[in-house]
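Visitor: my questions are about this predicted structure, shown below with the sequence.
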Amino acid sequence: MGAQTHKTFCRFCHANCAMLVDVEDGKVIEVRGDPDDPAYGGYTCMKGRELPDSHNAAHRLHHSLVRDQNGAFHETPMADALSHVSDEIKRVIDEHGPNSVAVFMGSGGYQNSAAMAASLSFAQAIGTRNFYTSVTLDQPAKVFTTMRYGKWMGGSNTFSESDVALFIGNNPIVSHYSPPGGVPPFSPSRRIRDRQAEGMKVIVADPRESDVARLADIYLPVKPGEDPALLAGMLNVIIEEKLYDRNFVSVHVDGFDELAAAVKPMTPDVAAERAGVEKDQLIAAARMFAGGSKGCAVTGTGPEMAGNGTLTEYLVVCLNTICARFKQEGEKAAIPGVFTTPQGPRRAQVAPPVPLFGAEGMAKSRFRGLGQLGFEMPCNVLADEILTPGDGQVRVLISVGGNPVVGFPDQVKMARALDDLDLFVQIDPWMSASAKRADVVLAPSQCLEREDITNLSEWWHEEAYARYVEAAATPPGDVIDEYEMFWTLARNLGVTMNLAGGALPMDRTPSKEEFLDLMTAGCLVPPSQVRKDAQANGGAAVVYTDKHPEVGPIEESEFHRFDLAEGGMPGEILRYADNPAQRAGFDFKLISRRSKTRFNSIGHPLKKLQEKTTTNPAYIHPEDIADLGLEEGGIVEITSPHATIHGVVKASDKVRRGLVSMAHAYGDVDATKEDVRTRGSSTNRLTSEVVDFDPITGQSLQSAIPVKLVAA
């Protein structure tokens, strides 16, 4: 019959790049970018181009594994494995109550368009408060704290219309991530350069000269963890020089006077000294950002992981708010979101505040005063929820697409917690670091073997772009879609799963289309209709230009204002200014970075990616290497107040002095100096979730970690 070519999209990361896939006899042969796609134009990254290896690798799991009483794994039919898991969950709930079961949704799970809704719906169906996602590991302040100051109903300025862009610790060229308003992750380098050719100015603040920093008109090498100093200094300039939008502030903003008073002591001299940048460059950046007519300040995960995440995100909100970087009446609303359930009307006004933490009725953890963020608990508390006896102790954990061993703070403690569980279920196509510790490993189908929609990537599409793709390849062995796993567990337990559009049928397995329609009830275009439209379009994307919402006028009866004084945040600026962080004896700081060959913990088993990168090198400035007596390619011992890891020394003059820069999500718990060249080291081992954590989100310090370096 020969190879057949199908239009599809990549699900290695959240960019969802448009692809053509060649399939022969049900097997993936080759993938490449789709040059005809209106958003991607043929772009793919090296990770996505390894989908054939991901699907066909000899070590991929084709059958689920269940560990026996002697500790050995046995291949087990999926139905039997799920029945075993159901029986164990029922036993634990009967003995300890529903909160004894936890579900963790990791980065890999998000790549299945149904897995997030399925895992959350399952957790809610059994009545547990213990639902966790990777969001609280790296960027909870973006999601759960910024909306308390107000949300503009029309959305922020989009990248394609901006004449200035400010990236704070965000390297979208490698991470393929930027919050809405930043560069979409579709050929980001080309998009930035094209917009610069049209006159857009780019400002980048980052402790290292990242890929995007090399394109910047102004590059600010801010010290790790001192982003608030830089941002407060920029606000000082903008307010003192009256560069903000005074009309917008007058109509829509409360708390401006409190903000102005809080940033007043952060003069350019003071701010530049603490942030480690040149005063003139700080002033120039403030004037450049405020001088643009449209544009957004956005952050990456690094600034949030560096110890002042909530304050940093608050200051970014302030910059965008007082400079009025929002869609106005009569313009197309930002990020239409074809599959997103209704977010309310799109108007040129501030939405009412939404309590996403600390509200009456929201669940509380037993630890550190932390509680529910939206619908999830902070990952910071999970290890203690497992290890500490008492009412609510977690005894069962289901991890979908996650890798808690390498993703959570305090790696050794998390491994100990996983080993303490009555039942640890890992949904994983590989024997990852976490799968090796599991009691049951459920083998899922992979992306080209299932139907999916582009609900994850639509947060970056500035047009009403949508896709529904069919399964192109044949799933091997006895693997199924993650949503079917959770549905089967719920059926076995006799509970009903509910989605936005109502209850799932529990007497028969719902189709993926049926599940997605219920999941997205009330969206612009239902998945089933997008499926029909895509099929009529040869499987390609559909752009619903006529469905794109327009920003409407103010509704006076529902008028609200931004409140920049909410939560006493101006006072947090003053407290930060009065308390510079110091750790005696730990003269270096370790900062996180992204890898071109990995997406968090995804990609490590793939042969060609392994050939490109076997470890997460410790990037250090050449002068520091010389002063410390280190050698290029040698081993450095990296010690924090909490633990020690090792790294392979790699010189880089793109990293400012006093820093070591390493990618996270490498290295199993037993990784050592002897095998660091082939396995890497977990930077999360250096951190503790019980110290240096955000008191609102619980996010642990995972970048700007105080360390000392010696030759190993």
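Guide: Structure received.
Visitor: dump the one helix or strand in the chain whose mean pLDDT sits lowest to CSV, keeping only the CA atoms.
Guide: One helix or strand of the chain scores below all others by mean pLDDT, DSSP states H and E: helix 607-612, with a mean of 78. Coordinates of each C-alpha in helix 607-612 appear next as CSV, following Å, rounded to 0.1, in the frame of the first residue of the first chain:
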residue,chain,number,x,y,z
LYS,A,607,18.0,8.1,21.0
LYS,A,608,18.8,11.1,18.8
LEU,A,609,18.1,13.6,21.5
GLN,A,610,20.4,11.6,23.8
GLU,A,611,23.1,11.8,21.1
LYS,A,612,22.8,15.6,21.2
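Visitor: what comes up buried for it?
Guide: For helix 607-612, the neighbour count (16 or more other C-beta atoms under 10 Å) marks Leu609 as buried. Every residue, glycine included, has its C-beta placed from N, CA and C.
Visitor: other SSEs contacting the longest helix seen in the chain?
Guide: Counting by DSSP state H, the longest helix found in the chain is helix 78-96. The helices and strands touching helix 78-96, judged by 3 or more C-beta pairs under 8 Å, 6 or more residues apart in numbering; DSSP states H and E, are strand 64-67, strand 101-105, strand 396-400, strand 423-427, strand 440-442, helix 482-493.
Visitor: hmm, who's touching that helix?
Guide: 63-66, 76, 100-101, 126, 393, 395-396, 398, 422-423, 425, 440, 442-443, 478-480, 485, 488-489, 492-493 (C-beta atoms under 8 Å, 6 or more residues apart in numbering).
Visitor: mind listing the helices for the stretch 401-550 of the chain?
Guide: Ranges of helices within the stretch 401-550 of the chain are 404-407, 411-420, 482-493, 512-519, 527-536, based on DSSP state H, counting those that start in this stretch.
Visitor: could you point out which element follows the least confident helix or strand of the chain?
Guide: strand 618-620 (DSSP states H and E).
Visitor: partner strands of that following strand, parallel or antiparallel?
Guide: The pairing partners recorded for strand 618-620 under DSSP bridges are strand 644-651 (parallel), strand 659-663 (antiparallel).
Visitor: any stretches of the chain with poor pLDDT?
Guide: 1, 581-583 (pLDDT under 70).
Visitor: apply 80 and report the result again.
Guide: For the chain, applying pLDDT under 80 flags the ranges 1, 343, 580-584, 596-612.
Visitor: residues contacting the residue nearest the centre of it?
Guide: Per C-alpha atoms, centre = their mean, the C-alpha nearest to the average position across the chain is that of Val135, at 5.4 Å. By C-beta under 8 Å, 6+ apart, the contact list for Val135 reads 143, 376.
Visitor: then the one 3 residues further on?
Guide: With contacts defined as C-beta under 8 Å, 6+ apart, Asp138 is in contact with 301, 304-305, 699, 702.
Visitor: quick one: it and Phe256, what's the gap?
Guide: Separation of Asp138 from Phe256 (C-beta to C-beta, to the nearest Å) stands at 31 Å.
Visitor: same question, Phe73
Guide: 61 Å.
Visitor: more neighbours: these two, which one.
Guide: Phe256 (21 against 17; other C-beta atoms under 10 Å).
Visitor: touching, that one and Arg561? I think so.
Guide: No - applying C-beta atoms under 8 Å as the test, Phe256 and Arg561 come out as separate, 10.2 Å apart.
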